[in-house]
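**Student:** Structure of the sequence below:
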Amino acid sequence: MTSGFAEGYFTRGRAPVGTRLVLIRHGEARCNAEGVVGGPRGDGGLTDLGRAQAGALARRLAATRELDDATALYTSILGRSIETARVIAPGLPDLAALADCDLCELHPGVADGLAWAELVERYGAVDWSVEPDVPFSPGGESWLDFYERCERAIATLVARHPGERVVAVVHGGVIEQAIKILNGSDPRERLGLRTEHCSLTEIEFDGTRRRLLRYNDVAPLSLA
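**Tutor:** Residues are numbered from 1 along each chain as shown. Okay, here's the model as predicted:
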């Protein structure tokens, strides 16, 4: 028996059938806590708080088994992403993590490892809201470069895993670009999101149709 209402009246929507990307931001890293540009040199891995955040998420996933249908696990090549994936692994299916540089945070160039104040002193402060095509520092990406890389990386994952659920442990900037792709936003736009460490963002890609399934879904540290 049908309700007699058109599908458009309902807000919950149908069950997902497209590729679902579960984007998990890494736990707090030393570069975050110490105010350091966090490329490969400045990364520093997770802080004690970052490991606690990842541990809380691992226990949640082990209890709920909400990602047991995931078919693939990806990370960036940065230590904070790889370490987070290692900590949360008990809450995931037995999947070998694949590291992909295209899933990294914005490539900083020669400023990698500098304190933020030193970055500004040496290279100036880039205002991407005005000049989105200016590199972060010499040899680094611009805001538009970063968007294009993330767009390519997401398209590759969707094409590689049609109709599957894929987990990727990534970075706040990557998640911001994914939300822009979801919304069809201008690549130059800055969203100003506050994406929490070890939060889950899930987006469905079904042909040209895209749907946000969750954003900033965080396991509370009280579960630790």
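
**Student:** What segments of this structure are strands?
**Tutor:** Counting by DSSP state E, the chain has these strands, from start to end: 19-25, 70-75, 97-99, 165-170, 199-206, 209-218.

**Student:** I'd like the mean pLDDT over the third one, please.
**Tutor:** So that's strand 97-99. Confidence for strand 97-99, expressed as mean pLDDT, is 98.

**Student:** hmm, who's touching that strand?
**Tutor:** Applying Cβ atoms under 8 Å, 6 or more residues apart in numbering, the contact partners of strand 97-99 are 72-77, 81-82, 85-86, 89, 169. For the C-beta atoms, the positions are set from N, CA and C on the backbone; glycine is no exception.

**Student:** Have a look at this protein and report the helix or strand with the lowest mean pLDDT.
**Tutor:** Across the helices and strands of the chain, mean confidence by mean pLDDT, DSSP states H and E is lowest for helix 116-123: a mean of 94.

**Student:** List the contacts of that helix.
**Tutor:** Contacting residues not belonging to helix 116-123 are listed as 35-37, 111, 114, 137-138 [Cβ under 8 Å, 6+ apart].

**Student:** The residues you listed into a markdown table, with extra columns for pLDDT and neighbour count?
**Tutor:** Listed next are the contacts of helix 116-123 as a markdown table, based on pLDDT from 0 to 100; neighbours: other Cβ atoms under 10 Å:
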| residue | pLDDT | neighbour count |
| --- | --- | --- |
| Gly35 | 96 | 13 |
| Val36 | 97 | 22 |
| Val37 | 97 | 24 |
| Ala111 | 96 | 24 |
| Leu114 | 97 | 21 |
| Ser137 | 96 | 21 |
| Pro138 | 96 | 10 |
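
**Student:** Let's see which of those residues end up in helices.
**Tutor:** Counted as lying in helices by DSSP state H, out of these, is not a single one.
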